[in-house]
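K.L.:
Okay, structure incoming, though there's no sequence with it:
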């Protein structure tokens, strides 16, 4: 095996990664040269320098062996994780050597875990680098590099054969160069589509792009500490579910479906086993099934009421409706619970959802979601590994409150977002300042704020301000307030009259 040849191609991958670091530095520059600009710029230069050395001293080779191809792919992933640490280490903060390694590996492997206690403290440039690492990992660092290396010839075929699994290549009937282009077109296209949809749903462009990159990589990275719960938007949740579900399907099948080819999603044996099981045939389950069946998922729904099961079977012809007791563990095992990709418990009784959800977790189902209307059960569920809980009452209450308060003050500084925290004892509100009032144009140190109220953040254009005594609220600002007081309708309500 020629080690110098392996190092040459790993160097090419490093140059590719350096390009994304430079792009992240550009984001940092556009954000007012935040504190991540120089760490990202220095990391980009250092990575590019390390990648350029093998290219300078090792000449081009006409062909590489399969063994060298394996070493290039494995080496590229390891080196990507290594150089991915540079921006974190140079920036500092919570990033020790071990923490920076964990964050980098989590990004490139699309694991989505993080060691950060406060994600939102990261400047935008570093936030974008986190998303870039997981987006690159979602496609594969070697596959990206192959696209920008049109001169590799047979070497490209060797590397792509190593990077792609046999199952992944099964539905491609094209030359290697075309396969790489198909992968990129579908991946980038899905990312762009998700970004636009998230923007239309209410996110800003930066958060839209970042969450689209994370979702299409099937990662779990977010720019917010509360992840997508921060936005409190069913529409955003639906878009991200759609993006991640679609990104989990074979890209060749997606391309074939869009272009009208015969070997499409609906004929694929693999896609047919892209399973979801729904417990409880209620209204939520019905509409959820209608949404996810067109995505190419195979849905199994369990309903104990014979008449309702028959009705569901007629109205949802592509759903496997099973007449039985969803709390019967033997039935769940017979229907292949352990092979499911997700399990969603939507029974009327919260206790049944809790117990069946715990059983699904025990069976090793990757994603378990349970419906819960009792706030008292929330802490219990979180402590038992049920990390995804849907509360229709809480969502409905927050939506109605936000709408009513905005309607009451449609001409003033209305409530844009409202969140109920600590079992409803605390409210976090976001106001958009449309006009001058007693709360604007006055240094915060001179404002007589109500008791039990904290002014947490002021967003002014692309800048995020942590309020200090000399800062002022201006027209056009977005202001976030946390309070124990209930019934705030307008920004003017934060001031003692």
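P.N.:
Nice, thanks for sending it over. Note that this is a predicted model, so its numbers are computed, not measured. Numbering: from 1, shown residues only.
K.L.:
residue contacts, the nearest residue to residue 85 once chain neighbours are set aside?
P.N.:
Nearest non-adjacent residue to residue 85, counting by CB to CB, 6 or more residues apart in numbering: residue 100, 4.2 Å away. C-betas here are computed from N, CA, C, even on glycine. Taking CB atoms under 8 Å, 6 or more residues apart in numbering, we find residue 100 in contact with 85, 88, 89.
K.L.:
Highest neighbour count among these?
P.N.:
The most crowded member of these, judged by other CB atoms under 10 Å, is residue 88 (30 neighbours).
K.L.:
now that residue: how far from residue 114?
P.N.:
11 Å (CB to CB, to the nearest Å).
K.L.:
Please list all residues in contact with the closest residue to residue 97 other than its chain neighbours.
P.N.:
Distances taken as CB to CB, 6+ apart place residue 89 nearest to residue 97, at 6.9 Å, with adjacent residues excluded. Counting by CB under 8 Å, 6+ apart, residue 89 touches 95, 97, 100.
K.L.:
out of these, who's nearest residue 49?
P.N.:
residue 100 (19.5 Å; CB to CB).
K.L.:
Helix or strand: which one has the closest one?
P.N.:
Assigned by DSSP states H and E, residue 100 belongs to helix 97-108.
K.L.:
Now find how far off-centre that helix is within its chain.
P.N.:
Here helix 97-108 shows a centroid-to-chain-centroid distance of 18 Å under the convention CA atoms, centre = their mean, to the nearest Å.
K.L.:
and if you look at stretch 310-318?
P.N.:
With CA atoms, centre = their mean, you get 32 Å for stretch 310-318.
K.L.:
immediately after the helix or strand of the chain at the bottom of the mean pLDDT ranking, which helix or strand?
P.N.:
When the helices and strands of the chain are scored by mean pLDDT, DSSP states H and E, helix 166-169 comes last with a mean of 44. Note on helix 166-169: by DSSP H and E, the next helix or strand toward the C-terminus is helix 176-200.
K.L.:
Residue 184 contacts residue 136, correct?
P.N.:
No - taking contacts as CB atoms under 8 Å, residue 184 lies outside contact range of residue 136: 11.8 Å.
K.L.:
if we can go back for a sec, which residues are common contacts for residue 88 and residue 114?
P.N.:
Common contacts of residue 88 and residue 114, defined by CB under 8 Å, 6+ apart, comprise residue 103.
K.L.:
Tell me where the model's unsure across the stretch 51-200 of the chain.
P.N.:
Scanning the stretch 51-200 of the chain for pLDDT under 70 picks out 59-63, 141-180.
K.L.:
please redo it, this time with the cut-off set to 90
P.N.:
The stretch 51-200 of the chain contains residues with pLDDT under 90 at 51-77, 93-94, 109-118, 136-188.
K.L.:
Looking at this protein, which helix is longest?
P.N.:
Taking DSSP state H as the criterion, the chain has its longest helix at helix 3-30.
K.L.:
Show the average pLDDT along that one.
P.N.:
Helix 3-30 shows a mean pLDDT of 89.
K.L.:
Output the contacting helices and strands for the helix or strand just after that helix.
P.N.:
Toward the C-terminal end, the helix or strand that comes next after helix 3-30 (DSSP H and E) is helix 37-57. Contacts defined by 3 or more CB pairs under 8 Å, 6 or more residues apart in numbering; DSSP states H and E place helix 37-57 against helix 3-30, helix 66-83, helix 86-91, helix 124-139.
K.L.:
starting at the chain centroid, how far to the shortest one?
P.N.:
With CA atoms, centre = their mean as the basis, helix 86-91 stands 23 Å off its chain's centre.
K.L.:
can you check stretch 206-224 too?
P.N.:
In terms of CA atoms, centre = their mean, the centre of stretch 206-224 is set 4 Å apart from its chain centre.
K.L.:
Begin at 15 from now on, thanks
P.N.:
Fine by me, first position is 15 from now on; the one you just mentioned is stretch 220-238.
K.L.:
Go through it and flag the buried ones.
P.N.:
220-237 (16 or more other CB atoms under 10 Å).
K.L.:
And for stretch 64-73?
P.N.:
Using 16+ other CB under 10 Å as the test for burial, stretch 64-73 gives 64, 65, 68, 69, 72.
K.L.:
Could you do stretch 17-27 as well?
P.N.:
For stretch 17-27, by 16+ other CB under 10 Å, it's 19, 20, 21, 22, 23, 24, 25, 26, 27.
K.L.:
okay but the second one is in contact with residue 84, surely?
P.N.:
No - counting by CB under 8 Å, no contact exists between residue 20 and residue 84, whose distance comes to 9.5 Å.
K.L.:
Which pLDDT does the model give residue 256?
P.N.:
Confidence at residue 256, expressed as pLDDT, is 84.
K.L.:
distance of it from residue 383?
P.N.:
Remark: distance between residue 256 and residue 383 (CB to CB) = 15 Å.
K.L.:
Could you pull out the helices in the stretch 365-511 of the chain for me?
P.N.:
For the stretch 365-511 of the chain, the helices defined by DSSP state H, counting those that start in this stretch occupy 392-396, 406-422.
K.L.:
Please apply the same query to the stretch 165-314 of the chain.
P.N.:
Per DSSP H, counting those that start in this stretch, the stretch 165-314 of the chain carries helices over the ranges 168-177, 180-183, 190-214, 219-230, 248-261, 265-272, 283-286, 297-306.
K.L.:
Who's the closest spatial neighbour of residue 477, skipping the chain neighbours?
P.N.:
Among residues not flanking residue 477 along the chain, residue 46 sits closest, at 6.4 Å (CB to CB, 6+ apart).
K.L.:
Tell me, how many residues neighbour that neighbour?
P.N.:
12.
K.L.:
right, and it touches residue 474 too?
P.N.:
No - in this structure residue 46 lies outside contact range of residue 474 using CB under 8 Å: 11.0 Å.
K.L.:
What separation is there between the closest residue to residue 105 other than its chain neighbours and residue 47?
P.N.:
Of all residues not flanking residue 105 in the chain, residue 53 sits nearest, at 4.3 Å (CB to CB, 6+ apart). Separation of residue 53 from residue 47 (CB to CB) stands at 12 Å.
K.L.:
Likewise for residue 205?
P.N.:
Shown here: residue 205 relative to residue 47, a distance of 26 Å by CB to CB.
K.L.:
Who has more neighbours out of the two?
P.N.:
More crowded of residue 205 and residue 47, by other CB under 10 Å: residue 205, with 22 against 13.
K.L.:
Can you tell me how far the more buried one is from residue 471?
P.N.:
Relative to residue 471, residue 205 is positioned 28 Å away (criterion: CB to CB).
K.L.:
for the stretch 365-511 of the chain, what spans make up the strands?
P.N.:
Using DSSP state E, counting those that start in this stretch, the strands of the stretch 365-511 of the chain run over 381-385, 402-404, 429-435, 440-446, 467-474, 477-479, 492-497.
K.L.:
Worst mean pLDDT among those?
P.N.:
strand 402-404 (a mean of 67).
K.L.:
Now residue 468. Nearest residue, chain neighbours left out?
P.N.:
residue 496 is the one closest to residue 468 (CB to CB, 6+ apart), at 4.8 Å.
K.L.:
quick one, what contacts that neighbour?
P.N.:
435, 440, 441, 442, 443, 467, 468, 470.
K.L.:
Repeat the analysis, applying 6 Å as the threshold.
P.N.:
Residue 496 makes contact with 442, 468, 470, according to CB atoms under 6 Å, 6 or more residues apart in numbering.
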